[in-house]
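Novice: With the sequence up front, the predicted model follows.
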Amino acid sequence: MLQVFKRLFSKKSQKSQERESILPRNRFADLDFERVLKFGTRDRVDEVGHCVEDGEITLFDFSIDFAEFEFIGAFKIEEEDQFQQLLARLNSFDNAIQSHLESEMQQPIPQYAKDLGYTQKKWERTFYFHPWILSFEENPPNLRYVADYVNDEFTVYFAKKHGRWQAYWDAECQSNRRKLARIFLESNCYHRKE
């Protein structure tokens with residue numbers, strides 16, 4: 001009898017752990033930088049970023065095709081070591097971002113979304129984002145995320161602090177993104193009614 005209760009509670013705890021992470025995690029856990037370097041393309045570019053034969057900067061572009069999305073990156077060959085350090089932390093950054101989105105998802109549906117007919121499931125889908133472009137050629141380096149089910153995106157910026165890469169984004173920008181998303185949703189619903 002005791003074994004039955006143990007199995008019952010262990011199944012419940014496994015299910016609750018699965019529910020804890022609604023959004024995907026560890027998407028970059030198996031990223032092989034050596035393989036990325038092998039299959040990327042190198043272009044000589046000028047200061048503006050135009051491809052030229054005698055360009056002083058070597059730009060490296062790569063694309064990784066994950067099962068559910070394609071991931072693109074670019075960096076200057078001269079900054080390969082810095083980029084490799086950033087890639088090494090990419091999985092932990094992505095997991096933290098997913099965790100943040102998940103906490104936002106758990107909040108009650110805002111009234112404007114209810115007025116637009118959003119159900120809980122439809123509202124949750126607005127928080128499904130995937131990484132799209134990692135750009136080390138821009139200053140500061142950044143990672144763009146795009147939404148899977150709605151027309152939305154946001155950017156995470158990177159900076160070195162005490163020798164380690166840190167990710168940050170402006171909370172005010174995040175708030176403005178939500179306001180813009182609301183305006184977009186309202187305008188889309190308005191056009192659909194016509």
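Specialist: Alright, I've got the coordinates.

Novice: Determine the longest helix present in this structure.
Specialist: When the chain is scanned for its longest helix (criterion: DSSP state H), the result is helix 80-105.

Novice: Please point out which parts of that one sit buried.
Specialist: Of the residues in helix 80-105, those buried by neighbour count under the rule 16 or more other Cβ atoms under 10 Å are 82-83, 86-87, 90-91, 93-95, 97-98, 101-102, 105. (Glycine included, C-beta is placed from N, CA and C.)

Novice: Would you pull up how far that helix lies from the middle of the chain?
Specialist: 8 Å (Cα atoms, centre = their mean, to the nearest Å).

Novice: What is the nearest of the buried residues of helix 80-105 to residue 46?
Specialist: Closest to residue 46 out of those is residue 83 (20.3 Å), distances taken as Cβ to Cβ.

Novice: what pLDDT does the closest one get?
Specialist: Residue 83 is assigned 85 on the pLDDT scale.

Novice: Show me what the most centrally placed residue in the chain is bridged to.
Specialist: Computing the C-alpha centroid of the chain and ranking residues by Cα atoms, centre = their mean puts residue 131 first, at 3.5 Å. The residues paired with residue 131 through beta bridges, assigned by DSSP bridges, are residue 145.

Novice: one step back: could you dump the buried residues of helix 80-105 into CSV with distance to residue 139 added?
Specialist: Converted to CSV, those look like this (distance: Cβ to Cβ, whole Å):
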residue, distance to residue 139
82, 12
83, 13
86, 14
87, 18
90, 19
91, 24
93, 18
94, 22
95, 25
97, 21
98, 26
101, 26
102, 30
105, 32
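
Novice: Just the closest of those residues to residue 61, please.
Specialist: Ranking the buried residues of helix 80-105 by separation from residue 61, with Cβ to Cβ as the measure, puts residue 83 on top at 12.0 Å.

Novice: With residue 77 as the reference, measure out to that closest one.
Specialist: The gap separating residue 83 from residue 77 is 9 Å, by Cβ to Cβ, to the nearest Å.

Novice: ok, residue 37 - contacts?
Specialist: Counting by Cβ atoms under 8 Å, 6 or more residues apart in numbering, residue 37 makes contact with 60, 62, 80.

Novice: so how far is residue 146 from it?
Specialist: 25 Å.

Novice: which residues of the protein fall in strands?
Specialist: Taking DSSP state E as the criterion, the chain contains strands spanning 41-45, 57-65, 70-76, 129-135, 142-147, 153-161, 164-168.

Novice: Give me the helices and strands touching the first one, please.
Specialist: Using 3 or more Cβ pairs under 8 Å, 6 or more residues apart in numbering; DSSP states H and E as the contact criterion, the secondary-structure elements in contact with strand 41-45 are strand 57-65.

Novice: picking that back up, for residue 31, which of the strands of the chain is the nearest?
Specialist: Using Cβ to Cβ as the criterion, the shortest distance between residue 31 and the strands of the chain is 7.4 Å, found for strand 57-65.
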